[in-house]
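> My questions are about this predicted structure, shown below with the sequence.
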Amino acid sequence: MEEYITKFLKYLETEKGLAFHTLKFYKVDLLQFFDFIKSEDIKSIGKKEIRDFIGSLLRYGFENSSIQRKLSSLKSFFKYLEKEKIVDNNPTIGIKYPKKEFKVPSFLSIDKASELMELSSLTQRDRASLELLYGTGIRASELCGLNTGDLDIMRCALKVRGKGNKERIMPLPSKALKALLNYLDSRTGILPVNETHRLEACATSEEAFFLNKRGGRLGQRSLQRIVKKHIEKVADLTQMSPHTLRH
């Protein structure tokens, strides 16, 4: 089974352009399924094995959203096997997803968001990242992947690379733009203060926009810690992450 899974993951990476973390979830889901059915004959797998696997997940208390993801992984996997003529029939056809549970996401009220942005403890970097997350709904991965050359000061816009490395141009709220420029100016030796030079530097630089304490690119886990640290000061939420500001 390992051989089929490896080929499938390679297909997802090269043909679909899926990210590393997404591929990891696919692998975990497929290995869990094959560990459950304990069969090495890929052609012998039918609807019964799929339903038995889903039933076991329900009995062990997996959330419907997790079961949906695992079933989606199986559907994609067997669709690929059928396309490659490794199996004659796709056993996942007709297997329905469990109904998705509705959960109200954690979010900040407008008053709390305003209070967050006014915290005196915010550094220029933290203020810029929070303003960008809240003002645009940008994802954590997108924020961390920004380069200084992605900022178009004249057009008040930002070039963002999303899932599958697809690019889009995002308009910036005035507060977010101001916070980004203040942060850039605070980075000693990174960009000149002169406005003309600053425009030229932004247009040509591929340097990471948000830096960590060591001068490297800010990572998503560090961003999560930054967001959580500051939200805790203004609100008591069940979840405190970049996605909280996105909501």
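Nice, thanks for sending it over. Numbers count the residues shown, from 1 in each chain.

> Excluding residues flanking it in the chain, which one is nearest residue 17?
Leaving aside its sequence neighbours, residue 17 sits nearest to residue 164 (C-beta to C-beta, 6 or more residues apart in numbering; 4.3 Å). Where C-beta positions appear, they are placed from N, C-alpha and C, glycine not excepted.

> Which pLDDT value belongs to residue 215?
Note for residue 215: predicted pLDDT of 87.

> Tell me how far it lies from residue 207.
When distance is defined by C-beta to C-beta, to the nearest Å, residue 215 is 10 Å away from residue 207.

> In terms of neighbours, single out the busier of these two.
Legend: neighbour count by other C-beta atoms under 10 Å for residue 215 and residue 207, higher for residue 207 (14 against 9).

> And for the nearest residue to that one once chain neighbours are set aside, the neighbour number?
Distances taken as C-beta to C-beta, 6+ apart place residue 148 nearest to residue 207, at 5.2 Å, with adjacent residues excluded. Neighbour count of residue 148, defined by other C-beta under 10 Å: 21.

> Distance of the residue lying farthest from the centre of the chain relative to residue 91?
Using C-alpha atoms, centre = their mean, the residue of the chain lying farthest from its centre is residue 44. It sits 36.1 Å away. Here the criterion is C-beta to C-beta. By it, residue 44 lies 10 Å from residue 91.

> same check, this time on residue 149
Taken as C-beta to C-beta, the span from residue 149 to residue 91 is 49 Å.

> Who has more neighbours out of the two?
Higher neighbour count among residue 149 and residue 91: residue 91, with 21 against 15, using other C-beta under 10 Å.

> which sections of this protein are below the confidence cut-off?
Along the chain, segments meeting pLDDT under 70 span 100-107, 188-206, 237-241, 243, 245, 247.

> Centroid-nearest residue for it?
When C-alpha atoms, centre = their mean is applied to the chain, the residue found nearest the centroid is residue 141 (5.3 Å).

> which element follows the helix or strand hosting that one toward the C-terminus?
Taking DSSP states H and E as the definition, residue 141 sits inside helix 140-144. Using DSSP H and E, the helix or strand that follows helix 140-144 in sequence is strand 151-152.
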